[in-house]
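Peer 1: I would like to see how this sequence folds:
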Amino acid sequence: MDNVLIFLDGSFRDSATFSSVLYLFSLATSMQVNHEKSTITLALTSIQESRFSQQNFPYGILPLDCGFKYLRFWIKPLSQKITD
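Peer 2: Numbers count the residues shown, from 1 in each chain. Reported below is the predicted structural model:
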């Protein structure tokens, strides 16, 4: 499975549930998340929630203002340029 966007509210409960779902999905399908290509984009999360995400998900973490890459294109919330 490629190119999946998943949106969470960033709460401890949502993050823990998501972690469990990923684990169960992996067991059921024998598929693994590519940690090198996966990132988490945080927005409006508390410092504790951000730390929890960093400790529990082995992905790169980017702030929302940096944007995120999807289908080889950068999606930026504040600006798009012709070069993007």
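Peer 1: so residue 54 makes contact with residue 62?
Peer 2: No. When contacts are counted by Cβ atoms under 8 Å, residue 54 is not listed as touching residue 62 (11.7 Å). Placement of C-beta: from N, CA and C, glycine included.
Peer 1: for the nearest residue to residue 60 once chain neighbours are set aside, what are its contacts?
Peer 2: By the measure of Cβ to Cβ, 6 or more residues apart in numbering, the closest residue to residue 60 outside its immediate chain neighbours is residue 39, 4.4 Å from it. By Cβ atoms under 8 Å, 6 or more residues apart in numbering, the contact list for residue 39 reads 59, 60, 61, 62, 68, 69.
Peer 1: Tell me, how many residues neighbour the third one?
Peer 2: For residue 61, the neighbour count with other Cβ atoms under 10 Å is 12.
Peer 1: hang on, it in a helix?
Peer 2: No. The assignment for residue 61 by DSSP: H, G, I helix; E, B strand; the rest coil gives strand, which leaves it out of any helix.
Peer 1: doesn't residue 51 make contact with it?
Peer 2: No. In this structure, residue 61 is not within contact of residue 51 by Cβ under 8 Å, at 10.4 Å.
Peer 1: Before I go, just wanted to say thanks for your time.
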